[in-house]
Every structure is written in structure tokens, then in C-alpha cells.
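Engineer: Everything below, folded, please.
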Amino acid sequence: MKRILAVVGITLAMLASSAFANPVKVGDPAPAASALSDTGERVDLAEVYAKNKYTLVYFYPKADTPGCTAQGCSLRDAYEQLTELGVAVVGVSTDSVKAQADFKAKHNLPFTLLADTDAAVVKAFGVGRVFGFSSRQAYLIREGKVVYADHKGSTRQQADDVLKFLAAK
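Structural biologist: Numbers count the residues shown, from 1 in each chain. This next block holds a predicted model:
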């Protein structure tokens, strides 16, 4: 019984430490990390920031699950509005390149998805992880700084939340 309680305690401590990571916040420099895209090409986020007025980096736990699909489709459906405002969208999960490519194709996602298999981007942004999956979060970057942070990351309203923020600017 003591052994079981010890294992449960260690597991809960590990979950708590990963679930409550120290995410970047508004005003912080945007992390300059890189990962492979859904096409297998390395994407350096610092280069993406430099090329765009805004960059939305959003994190989701697992490709092609209901909440992650709703989040991605929210951004897909508002993609034209977002790009008209100068927003480049980049989705990030720890899924494989193939899983990202399949997810993108299945749901006609018009933006880059990063296969952060070593969690380098997740760690750079301080995104919490539970059971190996990153938590749902979103960050809007402008001129190398985080200007908007959604630490709970909505699903169906991700695009609306970003558009409301931009409309208030």
C-alpha cells in the first residue's frame, strides 16, 4: 500500500509540475525555437516573426481529436480575415510530421503545423504538458514580442478571441 501511495504521489507531483509550467506572457520576447513542419521542412519561428506583422503560435494537444480539430477549424474559417490583418498562423503539437500532414489535409488547414516531437517549441514557450501532451494555448507575436497570450486556449472561439483582440488595437 505504501508503495502504491508513493507512486501515486510521484505521478501527481510530475503532473502538477508539467501542468503548471511557466508560460511566456505579454511583453516577453517571443521564443526563437524551431521544429519540422507538416511538409518536413525546418521552420525557425524567429524567421516567421520577422516576415509578418503578427504571428499567431497556437498549441494543441493532439492532431485530429475533437477539441484540437475545433480549434484548428476555427482558425481555418477565419484565415482570410486573419491574413488580411497581417497574421501568420502556426499550429504546434508534439505529433509526428505525418500526423500533422494528415490532420492538415483532412481538415483543409491553410497554415503551417509544426511537429514538435522533441517539445523544443513547447518548452521555449513554457507550455504545460499533461500525460505527454501540451496544453492548449495561443500567443500573438508582433515585432518579436508577445502582445497577446491565451493560456487556456479556446477551441471553437480561438479565431474570434484573436480577432477581438486585434479589433481593440
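Engineer: Show me the shaky parts of this protein.
Structural biologist: 1-21 (pLDDT under 70).
Engineer: which stretches of it form helices?
Structural biologist: All helices of the chain, identified by DSSP state H, fall at 2-19, 45-51, 66-77, 79-84, 97-107, 120-125, 158-167.
Engineer: Just give me the residue closest to the centre of the chain.
Structural biologist: Phe59 (1.7 Å; C-alpha atoms, centre = their mean).
Engineer: tell me the most buried of the helices of the chain?
Structural biologist: For those, the largest average neighbour count (mean count of other C-beta atoms under 10 Å) is found in helix 120-125, namely a mean of 20. Quick note: C-beta positions are derived from backbone N, CA and C, even for glycine.
Engineer: Measure how buried Val130 is and give me the count.
Structural biologist: Number of residues near Val130 (other C-beta atoms under 10 Å) recorded here: 14.
Engineer: Just the C-alpha atoms of stretch 109-116, please, in PDB.
Structural biologist: Listed next in PDB are the C-alpha coordinates belonging to stretch 109-116 (Å, rounded to 0.1, in the frame of the first residue of the first chain):
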ATOM      1  CA  LEU A 109      -6.000  23.800 -42.800                       C
ATOM      2  CA  PRO A 110      -4.300  26.600 -44.800                       C
ATOM      3  CA  PHE A 111      -1.500  27.300 -42.300                       C
ATOM      4  CA  THR A 112       1.700  25.600 -41.200                       C
ATOM      5  CA  LEU A 113       1.600  22.900 -38.500                       C
ATOM      6  CA  LEU A 114       4.800  22.100 -36.600                       C
ATOM      7  CA  ALA A 115       5.700  18.600 -35.500                       C
ATOM      8  CA  ASP A 116       7.400  19.500 -32.200                       C
END
